[in-house]
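Engineer: Fold the following, please.
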Amino acid sequence: MLEQGLTQDPVFEAWANLVNNVEGDAAMSLKNFRKNIVLNVLNMQAQVANSYKIFRAWVSDYQAVPESTPTR
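Structural biologist: Take a look at the predicted model:
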């Protein structure tokens, strides 16, 4: 289980919102809830230091980071 992470990937956000849809949709297929993903761990120079293939992953919890607003 990954407990922390940060991404700016809109595809991940759409998937997380689909999985955590509290209103539900009885017509929605459950096949879209699990996905095979690649997790890249970056070093301090933002280069890939290690990669992991994760099969049939599921978003169990997701919290969107608010967009920052410019300060005046």
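
Engineer: Give me the helix or strand of the chain that scores worst on average pLDDT.
Structural biologist: Using mean pLDDT, DSSP states H and E, the weakest-scoring helix or strand in the chain turns out to be helix 10-19, at a mean of 78.

Engineer: Confirm Ala46 sits in a helix?
Structural biologist: No: under DSSP: H, G, I helix; E, B strand; the rest coil, Ala46 falls outside any helix and is assigned coil.

Engineer: For it, grab the count of nearby residues.
Structural biologist: As a burial measure, Ala46 scores 7 neighbours (other CB atoms under 10 Å). Using the backbone N, CA and C atoms, a C-beta is placed for each residue, glycine as well.

Engineer: Would you mark the buried spots in the least confident helix or strand of the chain?
Structural biologist: The neighbour-count check on helix 10-19 (16 or more other CB atoms under 10 Å) flags 15-16, 19 as buried.

Engineer: From Phe12, how far out is the nearest residue to Arg56 once chain neighbours are set aside?
Structural biologist: Once flanking residues are discounted, Arg56 sits nearest to Arg34: 4.4 Å by CB to CB, 6 or more residues apart in numbering. For Arg34, the distance to Phe12 equals 14 Å [CB to CB, to the nearest Å].

Engineer: Then Leu39?
Structural biologist: For Leu39, the distance to Phe12 - CB to CB - is 11 Å.
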